[in-house]
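1. Need coordinates for the below:
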Amino acid sequence: MKNIFAKTIAAAVLTLGLTGCVNDLDISSIDPQSSPSADDMGLLAKCYGVLGLTGQKGGTGNGDLSLDEGESGFYRTTFNLQELPTDECMWAWQTDPDIPQITMMNWNSSSVRVQWAYTRLTYDITLFNSYLSQVADNDENRQYRAEVRFLRALHYWYMLDLFGKSPFKTEFNITELPVEYSGNQMYGWLDKELTDIENEMTATGTGVGAFNNSENFGRADLGAVYLLHARLALNCEVYSDTIDARTEYEKAARYCTLIEDAGAYKLAGNYEELFMADNDQNADAMREIIFPIRQDGLNTRQYSGSLMLIAGARSAAMPDYGMKESWTCLFARRAMTEKFFPDLSRVPLVPDGAATSTDANEVTTLDQQYGTTIENVIAAAGDDRALLYSGCADGARTISTDAVADFKNGLSLVKWTNLRSDGEAGKDVSWPDTDIPLFRFAEVYLIRAEANWRLGKSATEIMADINELRGRANARLFNENEITEENLRDEWSREFFMEGRRRSDLVRFGCFTGNKYLWDWKGGAANGVSVDSHFDVYPIPADDVMNNKNLTQNYGY
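-> Just a heads-up that it's a prediction; the model follows:
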């Protein structure tokens, strides 16, 4: 079997004639079918490459889209919409375009960040349609085509999740505008598409031909299809108003069990190592990562992937994280800290009036003196997942704020790092090697736990799945009385914070809008206020509604 992902790093930056802007799932500049500068495998590499690259050059300078290239990547555009309005984090640079509106949940149909996510998703879908239109549908290509169909389904899932519906095309052409698929239609199509490609995908496994190994790490196998299908089914009542919810929850649990029974994927022994620079080489981390976005400090340089997650959450004097970049913009909301510290008085903080420092060596000494190291925070939380920093680097942190003005207005989020599990830095201190685990096995336990909770199954059965994760984190195990909606909702955050999914989980629990659950700065108020339910989905960008008669705007925009 050809090593497609090795080719992705090298070939995904080929000039394929795909540079330009996207309008309504069509590439408006150059038709890929008229640009034969790459063979089928090069095109397949590009299909995978758009998950972790933003253009043809690396960094910036020749972007796929006629947008700010640093802001236009698949992960960053979706992360912004999935994380920044939620109870997990905030972006300190409130002067950046549209950041106040996203932070305070007050966007509209002209939001540039909504437009960026929509454009990236539709561009990528156009690319996948182009591949499927060009590459022959035969036995030799069957598996490769199934992988691209999975990537297309993944992007259509993001469209459904973020926008509640989607412009829709499965053929590549430049003459027909896409039609609009409602939530019910998108749900039905995704359900069928994911079922149809099951027999075409590489089986989940660890032997010859399997993908969970150093040669093919990064390619989608049957486990990725099952997990996306389980994720779709778990959100059935959000996406569709005609579906039989009980059947779908049973389906979600069944797909999770199929992944577990295959035996190839398991929980890593060390949670922290899942987010380190060698998570594509460390066998313990790899066994949990079902589908990653590949990142490499030498070959996949971009501002929209793990660089944002690592540098965005750091100041220069913070404990070593394997990079020299420090953006000082991402920090934890008070509600995020409360997930690990229900009693905020237990958070180790720098004493009032104590010395702080901008020198990394001095900071290390002072943090040890104050008891504010990352290790101190983890110990105080009693949970290995509490990867937060409360120390004195570049000034003391607070837990909450009456104004969103500074990176130190909350604890620092140090989950992601460019350090390897052996303590050494990645290959480049300006660009990280850290892959982004888009799907990992931990989700199997929480999807099944929640599906069974919604089905009214026994607390003992649900507790067993949740405690697999809590046990791995050395956290206190739940008892049957603690299997509550709030604890389920919060466990999603404790396990997956800063992984680009929080909004989806809050919407599913009926907590993203309304006043059922308030957090700091929800709706623009320091202690949170109710938000109208139309913000549960994002608007279709106004320009697309105006330019395509087939599209309609979402309610409330």
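2. ok so residue 191 is a helix residue?
-> Yes. Judged by DSSP: H, G, I helix; E, B strand; the rest coil, residue 191 forms part of a helix.
3. Relative to residue 242, how far out is it?
-> Distance of residue 191 to residue 242, given as C-beta to C-beta, to the nearest Å: 12 Å. Quick note: C-beta positions are derived from backbone N, CA and C, even for glycine.
4. of the two, who's got more company?
-> residue 191 (19 against 10; other C-beta atoms under 10 Å).
5. I figured that one hits residue 229, correct?
-> Yes. Residue 191 lies in contact with residue 229 (C-beta atoms under 8 Å); the separation is 7.5 Å.
6. Excluding residues flanking it in the chain, which one is nearest the residue nearest the centre of the chain?
-> Among the residues of the chain, the one closest to the centroid is residue 500, at 3.1 Å (C-alpha atoms, centre = their mean). Counting by C-beta to C-beta, 6 or more residues apart in numbering, residue 79 is the residue found nearest to residue 500 once chain neighbours are left out, at 4.2 Å.
7. pLDDT value on the one you found, please?
-> Residue 79 carries a pLDDT score of 98 in this model.
8. got it, and residue 23?
-> Reported pLDDT for residue 23: 34.
9. same check, this time on the one 4 residues further on
-> Residue 27 is assigned a predicted lDDT (pLDDT) of 32.
10. quick one: stretch 104-113 to chain centroid distance?
-> How far stretch 104-113 lies from its chain's middle: 20 Å, per C-alpha atoms, centre = their mean, to the nearest Å.
11. again with stretch 119-129
-> Worked out by C-alpha atoms, centre = their mean, stretch 119-129 lies 18 Å from the chain centre.
12. The stretch 51-200 of the chain: helices as residue ranges?
-> All helices of the stretch 51-200 of the chain, identified by DSSP state H, counting those that start in this stretch, fall at 74-83, 99-103, 112-134, 142-163, 183-196.
13. ok, then the element right after the last one?
-> For helix 183-196, the following helix or strand on the C-terminal side (DSSP states H and E) is helix 222-234.
14. Could you check the pLDDT of residue 216?
-> So, for residue 216, pLDDT stands at 86.
15. and it, how many neighbours?
-> Quick note: residue 216 (other C-beta under 10 Å) scores 18 neighbours.
16. start at 6 instead
-> Shifting the count to begin at 6 puts that one at residue 221.
17. which residues touch residue 542?
-> Applying C-beta atoms under 8 Å, 6 or more residues apart in numbering, one finds that residue 542 lies in contact with 167, 168, 169, 559.
18. What is the neighbour count of the first one?
-> In other words, residue 167. Neighbours of residue 167 (other C-beta under 10 Å): 20.
19. quick one: it and residue 543 touch, right?
-> Yes. Using C-beta under 8 Å as the test, residue 167 is close enough to residue 543 to be in contact (5.2 Å).
20. got any residues that touch both of these two?
-> Residues touching both residue 167 and residue 543 by C-beta under 8 Å, 6+ apart: 86, 122.
21. quick one, the helix or strand harbouring residue 253 and helix 227-239 angle?
-> Secondary structure assignment for residue 253, by DSSP H and E: helix 250-267. Angle, helix 250-267 to helix 227-239, by axes from the mean of the first three to the mean of the last three C-alpha atoms, to 10 degrees: 160 degrees.
22. In three-state terms, label the nearest residue in space to residue 561 that is not next to it in sequence for me.
-> In space, residue 561 comes closest to residue 539 once its chain neighbours are excluded; the distance is 2.7 Å by C-beta to C-beta, 6+ apart. When classified by three-state DSSP, residue 539 comes out as helix.
23. was I right about the residue nearest to the centre of the chain contacting residue 83?
-> Yes. The pair residue 505 / residue 83 is scored as a contact, 6.0 Å apart, by C-beta under 8 Å.
24. Look up phi and psi at the residue lying farthest from the centre of the chain.
-> Most distant from the centre of the chain: residue 358, at 38.3 Å, with distances by C-alpha atoms, centre = their mean. Dihedral pair for residue 358: phi 80, psi 0, per degrees, to the nearest 10.
25. check contacts around it.
-> Shown in contact with residue 358 (C-beta under 8 Å, 6+ apart): no residues.
26. Could you list the buried residues of stretch 427-445?
-> 430-433, 436-445 (16 or more other C-beta atoms under 10 Å).
27. Among those, name the ones in strands.
-> Using DSSP state E, 441, 442, 443, 444, 445 are the members of the buried residues of stretch 427-445 that sit in strands.
28. Tell me the one of these nearest residue 548?
-> Each of these was scored against residue 548 by C-beta to C-beta, and residue 443 proved nearest at 28.6 Å.
29. Which pLDDT value goes with that closest one?
-> Reading off the confidence values, residue 443 has pLDDT 98.
30. What of residue 16?
-> For residue 16, the predicted pLDDT is 33.
31. ok so, going back, tell me, how many residues neighbour the residue nearest to residue 505?
-> Neighbours around residue 84, by other C-beta under 10 Å: 25.
32. for the one 5 residues further on, same thing?
-> One way to gauge burial is a neighbour count; for residue 89, by other C-beta under 10 Å, it gives 21.
33. again, but for residue 455
-> As a burial measure, residue 455 scores 25 neighbours (other C-beta under 10 Å).
34. Doesn't it belong to a helix?
-> Yes. Counting by three-state DSSP, residue 455 is located in a helix.
35. can I assume it is in contact with residue 494?
-> No. Counting by C-beta under 8 Å, residue 455 stays clear of residue 494, with 9.1 Å between them.
36. Quick one: distance of stretch 423-442 to the chain centre.
-> Using C-alpha atoms, centre = their mean, the offset of stretch 423-442 from its chain centre is 19 Å.
37. That stretch: end-to-end distance?
-> End-to-end distance for stretch 423-442: 14 Å, by C-alpha to C-alpha, to the nearest Å.
38. do the same with stretch 80-99
-> End to end - C-alpha to C-alpha - stretch 80-99 spans 20 Å.
39. Buried ones in that stretch, by neighbour count?
-> Result for stretch 80-99 [16+ other C-beta under 10 Å]: buried residues 80-97.
40. Next: stretch 45-56.
-> Judged by neighbour count using 16+ other C-beta under 10 Å, the buried positions of stretch 45-56 are 46, 47, 48, 49, 50, 51, 52, 53, 54, 55, 56.
41. Where does the prediction get shaky in this protein?
-> Residue ranges of the chain with pLDDT under 70: 6-43, 210-214.
42. Recalculate using a threshold of 80.
-> Along the chain, segments meeting pLDDT under 80 span 6-43, 64-65, 210-220.
43. Mind jotting down where the strands sit in it?
-> Under the criterion DSSP E, the chain contains strands at 27-28, 31-32, 94-96, 171-173, 184-186, 294-298, 335-337, 393-394, 417-418, 441-445.
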